[in-house]
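Engineer: Quick check, what structure comes out for this input:
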Amino acid sequence: MQFAFDGIHLMLWGQEFTIYYYGIILMTGAMVGGLLAQKEAIRRGHNSEIIWDLLIWLIISGIGGARLWHVFTPSPSLIAQGIDTYYYLTHPLDLLNLRRGGLGIPGAVIGGAIALLFFARKYKLYFVEWVDIIAPGLALGQAVGRWGNYFNQELYGAPTNLPWKIFIEPAHRLPGFADKEYFHPLFLYESLWNLANMALLIWLTRRFADKLKTGDIFLVYLIVYPVGRFLLDFLRLDASQLGGVNANQTFMAVVAVLASLLLIWRHWRPVKTSILE
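Structural biologist: Numbering: from 1, shown residues only. As a prediction, the model looks like this:
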């Protein structure tokens with residue numbers, strides 16, 4: 001057994017295997033997120049075992065959605081290497097190889113929501129309530145999972161000399177930044193933002209329980225996370241482009257605006273009264 005920066009290297013039966021820290025951290029994020037969702041389910045009077053049955057669906061569908069999002073929104077640095085959407089579609093083994101390319105969080109959330117919808121229909125659960133139950137755990141899982149980017153030496157921002165700068169090995173520096181050593185730890189910023197989001201969602205569920213409508217907590221998640229991601233993308237060096245537009249940043253802006261409008265409409269729409277009153 002040998003420990004390296006990217007993972008644990010094992011020799012079994014004469015073959016070398018690597019357990020990557022990235023995968024370990026993603027699974028850890030899923031588990032701690034599940035534990036928080038379990039606690040919230042119990043608080044609302046539900047069977048906690050539902051979370052662990054559901055988690056399998058969420059992980060599989062979430063990873064699938066995240067991978068598809070990456071495949072259809074590849075970064076400029078990958079496109080420069082000839083690894084674009086067409087490449088993935090004509091090289092299906094590389095499409096399945098998570099070490100080539102990456103995962104996109106928007107796709108993970110969409111994939112997870114689809115899985116939850118089918119799970120809720122299958123087991124006759126109220127979908128809108130369960131997205132509320134899961135939302136704080138989702139934010140926590142993202143906060144933990146982002147540390148996988150640290151071990152992969154990815155998701156760093158523009159060069160900086162701030163005290164919390166992070167050193168990036170030459171092999172992991174983007175083209176045009178070979179002479180730079182220290183960068184913004186974008187993964188850390190997003191991790192902290194997600195922790196703050198989690199804390200806000202938990203506080204809202206308890207402080208305004210009598211005023212919240214079912215689905216509000218998830219709507220707040222769909223506002224807070226996209227706003228943070230939108231702002232952080234201004235520091236991102238290798239943002240995915242579609243037609244010359246930052247794909248993730250634009251998508252996040254649209255989601256935040258729509259979720260905000262829906263939340264406002266749900267609470268402040270005019271109340272219709274009878275013409276007889």
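Engineer: so how many other residues sit close to the nearest residue to Leu58 once chain neighbours are set aside?
Structural biologist: Sequence neighbours aside, Gly112 is the residue nearest to Leu58 in space, at 4.7 Å (criterion: Cβ to Cβ, 6 or more residues apart in numbering). For glycine as for every other residue, the C-beta is placed from the backbone atoms N, C-alpha and C. Counted with other Cβ atoms under 10 Å, the neighbours of Gly112 add up to 26.
Engineer: those strands in the stretch 51-200 of the chain, which residues are they?
Structural biologist: Under the criterion DSSP state E, counting those that start in this stretch, strands of the stretch 51-200 of the chain are mapped to 166-167, 182-183.
Engineer: What is the distance between the last one and the centre of its chain?
Structural biologist: Put plainly, it is strand 182-183. 23 Å (Cα atoms, centre = their mean, to the nearest Å).
Engineer: and if you look at stretch 223-236?
Structural biologist: 12 Å.
Engineer: Please tell me how far Gly176 sits from Glu169.
Structural biologist: According to Cβ to Cβ, to the nearest Å, Gly176 and Glu169 sit 16 Å apart.
Engineer: Oops, could you answer that again for Pro106 instead?
Structural biologist: Pro106 is 28 Å from Glu169, where distance means Cβ to Cβ.
Engineer: Between the two, which has more neighbouring residues?
Structural biologist: Pro106 (20 against 9).
Engineer: The more buried one touches His70, doesn't it?
Structural biologist: No - look at Pro106 against His70 with Cβ atoms under 8 Å: they stay out of range, at 9.9 Å.
Engineer: list the helices and strands the strand or helix carrying Trp265 packs on?
Structural biologist: Take DSSP states H and E as the rule and Trp265 turns out to sit in helix 247-268. Applying 3 or more Cβ pairs under 8 Å, 6 or more residues apart in numbering; DSSP states H and E, one finds that helix 247-268 contacts helix 105-123, helix 216-232.
Engineer: buried set for that helix?
Structural biologist: Neighbour-count burial for helix 247-268, counted by 16 or more other Cβ atoms under 10 Å, picks out Ala247, Asn248, Gln249, Phe251, Met252, Ala253, Val255, Ala256, Ala259, Ser260, Leu263.
Engineer: between those residues, which is nearest Ile79?
Structural biologist: Using Cβ to Cβ, Ala247 comes nearest to Ile79 of these, at 12.2 Å.
Engineer: Need the per-residue pLDDT for Ile223.
Structural biologist: Note for Ile223: predicted pLDDT of 97.
Engineer: contacting residues for the nearest residue to it once chain neighbours are set aside?
Structural biologist: Nearest-residue entry for Ile223: Ala259, 4.8 Å, with adjacent residues in sequence omitted and distances by Cβ to Cβ, 6+ apart. Taking Cβ atoms under 8 Å, 6 or more residues apart in numbering as the criterion, Ala259 is in contact with Leu219, Val220, Leu222, Ile223, Pro226.
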